[in-house]
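Enquirer: This is a predicted model, with the sequence first.
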Amino acid sequence: MAVTGAASGLGRALAERLAGLEEINRVVGLDERRGDVEGVEWRVLDIRDPAVARRIVGCDVVVHLDVDLSPDTEPRQRSARNVRGAQTVLTAAAASGVPRIVLCTSAMVYGALADNPVPLPDDAPLRARPEGVVADLLEIEWLARRAPRAHPGLSVTVVRPAMVVGGAVDTFLTRHFEAARLLVIRGSRPSWQFCHVDDLLSALEWATLGRVEGSVTVGSEGFLEQDEVEKLVGLPRLELPESLALGAAERLHRLGLTPAPASDLAYVSHPWVVSSDKLLAAGWRPVHDNTTACEALATDVAGRHTALGRRIGRRETATLGAAGATVALLGTAAVVRRARRRKTRGGT
């Protein structure tokens, strides 16, 4: 077995887990630096390097987890790395005779839509808008569908988790819970489903061992309502009309003041609950329910503070105070006016 991104994060956790399994006699870790997991054979290189093909010869499965979902990475750089990395790994696996690849994207690829069935089946169509990190994930999904046709004999399994929490996971979704208030679109009914990182790891283990194949969703069973989540994390809501929230988010993103596109607001407004059908049918069960996963999220984000999707320090937090989210949104108008004035002056 080979794991990309094995020196840190989810890749490290899976490499350590696989190295402890009796069913697996060899684990190869690929990353740009050597990791510290015992029992792993390390191959140090950039995952976009075609030399990956030589480093995975003899492996039965490659699990590709070297994907950057950080809100802080420059978007073009992140997208180029994510897509090129997945493409290189798929091509390298075919060239070196590896029969099976496991990829990990997100249930976000289904899109968060008011008319989504609850829950979404594993084979539901992918209706997400191709913007931000989601665009990278949709491109990886396209590569995954294309690979078996381009390389007969290559099998690709794609694991799509619900909102991942625990283990210091940092995404634009977890940062939603680092704000002073939880933004809620007026008239929406968010359905919060979580996937604790421990459950994601066990699902990836099952996929690695071939117990599930194809498109595989994973998450805690069911979902929590908005008021239940607010009680668990101890944060009040900030309710805004959709037009105001989307308009502000679009302007902020266009001005480079927030890393997430406005379309990402859908994921905190509309359902994208998944069923975990294939895993459950195979006998897998999550360890965490949505309540314990949400409590883990609350513990992880405690002491962290975010405004406009970006981390802020203690001094800035004290300045923003409890009404920080409101101030940030209301301040958008002033920011836009200043930007327009500068543009007008520059054109005269």
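Expert: Nice, thanks for sending it over. Being a predicted model, the structure only gives us computed values, none of them experimental.

Enquirer: check contacts around the closest residue to residue 20 other than its chain neighbours.
Expert: With sequence-adjacent residues excluded and distances taken as C-beta to C-beta, 6 or more residues apart in numbering, residue 20 is closest to residue 39, at 7.6 Å. Any C-beta I mention is one placed from the backbone N, CA and C, and that applies to glycine too. With contact taken as C-beta atoms under 8 Å, 6 or more residues apart in numbering, residue 39 is in contact with 19, 20, 27.

Enquirer: burial count for the second one?
Expert: Think residue 20. Using other C-beta atoms under 10 Å, the number of residues around residue 20 comes to 12.

Enquirer: Quick check: it vs residue 60, distance?
Expert: Counting by C-beta to C-beta, to the nearest Å, the separation of residue 20 from residue 60 is 18 Å.

Enquirer: The last one now?
Expert: The span separating residue 27 from residue 60 equals 11 Å under the rule C-beta to C-beta.

Enquirer: can you check the first one too?
Expert: From residue 19 over to residue 60 the distance is 15 Å, taken as C-beta to C-beta.

Enquirer: Which of the two has more residues huddled nearby?
Expert: Between residue 19 and residue 60, residue 19 has the larger neighbour count (other C-beta under 10 Å), namely 19 against 14.

Enquirer: Can you list the strands that the longest strand along the chain pairs with?
Expert: Ranked by residue count and defined by DSSP state E, the top strand of the chain is strand 155-161. Paired neighbours of strand 155-161 in the sheet (DSSP bridges): strand 100-104 (parallel), strand 215-218 (parallel).

Enquirer: Could you give the average pLDDT over that strand?
Expert: Averaging pLDDT along strand 155-161 gives 98.

Enquirer: in its sheet, what does the next helix or strand after it sit against?
Expert: Sequence-wise, the next helix or strand downstream of strand 155-161 (DSSP states H and E) is strand 163-165. When pairs are called by DSSP bridges, strand 163-165 turns out to pair with strand 194-196 (parallel).

Enquirer: Can you give the contact residues for the partner strand?
Expert: Strand 194-196 has contacts (C-beta under 8 Å, 6+ apart) with 161-166, 218-220, 286-288, 290, 292-294, 296-297.

Enquirer: Just the buried ones from these?
Expert: By the neighbour-count criterion of 16 or more other C-beta atoms under 10 Å, the contacts of strand 194-196 include these buried positions: 161-166, 218-220, 286, 288, 290, 292-294, 296-297.

Enquirer: Okay, and the beta partners of residue 3?
Expert: Checking residue 3 by DSSP bridges, which sets the bridge assignment, gives partners residue 29, residue 63.

Enquirer: Contacts only, for it.
Expert: Residue 3 makes contact with 11, 14, 15, 18, 27, 28, 29, 30, 62, 63, 65 under the criterion C-beta under 8 Å, 6+ apart.

Enquirer: starting at the chain centroid, how far to stretch 80-94?
Expert: The chain centroid and the centroid of stretch 80-94 are separated by 18 Å under C-alpha atoms, centre = their mean, to the nearest Å.

Enquirer: show me where the stretch 1-150 of the chain has strands.
Expert: 2-4, 27-31, 40-44, 61-64, 100-104 (DSSP state E, counting those that start in this stretch).

Enquirer: how big is the angle separating the third one from strand 27-31?
Expert: Here strand 40-44 runs at 30 degrees with respect to strand 27-31, directions being taken by axes from the mean of the first three to the mean of the last three C-alpha atoms, to 10 degrees.

Enquirer: Go ahead and name everything in contact with strand 40-44.
Expert: Here strand 40-44 makes contact (C-beta under 8 Å, 6+ apart) with 6, 15-16, 19, 26-35, 55.

Enquirer: Could you identify the buried members of those?
Expert: Of these, these count as buried by 16+ other C-beta under 10 Å: 6, 15, 16, 19, 27, 28, 29, 30, 31, 35, 55.

Enquirer: Test for you: state the pLDDT assigned to the last one.
Expert: Right, residue 55. According to the prediction, residue 55 has pLDDT 97.

Enquirer: so it makes contact with residue 31?
Expert: No: here residue 55 lies out of contact with residue 31, judged by C-beta atoms under 8 Å, at a distance of 11.1 Å.

Enquirer: before we move on, the earlier item: okay if I get the strands of the stretch 1-150 of the chain as a markdown table plus distance to residue 135 and mean pLDDT?
Expert: Listed next are these as a markdown table, based on distance: least, C-beta to C-beta, whole Å; pLDDT from 0 to 100:
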| stretch | distance to residue 135 | mean pLDDT |
| --- | --- | --- |
| strand 2-4 | 21 | 98 |
| strand 27-31 | 25 | 98 |
| strand 40-44 | 29 | 97 |
| strand 61-64 | 18 | 98 |
| strand 100-104 | 16 | 98 |
